[in-house]
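In: Build the 3D model from these lines:
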Amino acid sequence: MSISKGLTAPLLSAAILAASGLRASAPPSPADNFHAASDQAMAVMMKGMDAPPTGDVDHDFVAMMVPHHQGAIDMAIAELKYGRDEHLRRIAQEIIVDQQQEIAAMRLALNQPLPPSAPAPTTVTTRPPTAGVKESP
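Out: Here you go, the predicted structure:
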């Protein structure tokens, strides 16, 4: 089988896909990426919260709450990466800072080591607003 010299690579790729019965998939949308990041955060959070009881209520509380708070941080980061609404983005920033402070306070209460100091991940690269999407002032 010969290929016409005028057949370009995109046309050739389309012809191969059509002949094979396969379809080209579109790249994931911001919503797809947001849901994937949120699903990952939820899975890690749920696994982390499934800590075996130690008999020390305070220890057990912190052992469950730290992953819960970290899950909120991870989901808020996903909002900052993929969300457009400025009001919700500000709330996500507040969640990150507040939850990091609460994790530190709980660990301090039990004389546990604090996580390494790092800047709050509240300045994630933003996506430009899309026309027709309501944004708060």
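In: For the rest of this, base every contact and every neighbour count on C-alpha atoms.
Out: OK.
In: elements contacting the longest helix seen in the chain?
Out: Longest helix in the chain, counting residues (DSSP state H): helix 57-82. Helix 57-82 sits against helix 30-49, helix 86-109, with contacts defined as 3 or more Cα pairs under 8 Å, 6 or more residues apart in numbering; DSSP states H and E.
In: and of those, who's closest to Ala78?
Out: Of all those, helix 30-49 sits nearest to Ala78, with 5.7 Å by Cα to Cα.
In: if we can go back for a sec, mind putting the helices and strands packed on helix 57-82 in TSV, mean pLDDT, distance to Leu80 and mean neighbour count included?
Out: Putting those into TSV (pLDDT from 0 to 100; distance: least, Cα to Cα, whole Å; neighbours: other Cα atoms under 10 Å) gives the following:
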stretch	mean pLDDT	distance to Leu80	mean neighbour count
helix 30-49	95	10	16
helix 86-109	96	6	17
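In: What distance do you get for Val44 to Arg84?
Out: As defined by Cα to Cα, to the nearest Å, Val44 lies at a distance of 25 Å from Arg84.
In: hang on, I meant Glu94
Out: Glu94 is 16 Å from Arg84, by Cα to Cα.
In: can you count the residues close to Phe61?
Out: Phe61 has 14 neighbours, counted by other Cα atoms under 10 Å.
In: what's the answer for Ser25, then?
Out: When neighbours are counted by other Cα under 10 Å, Ser25 comes out with 6.
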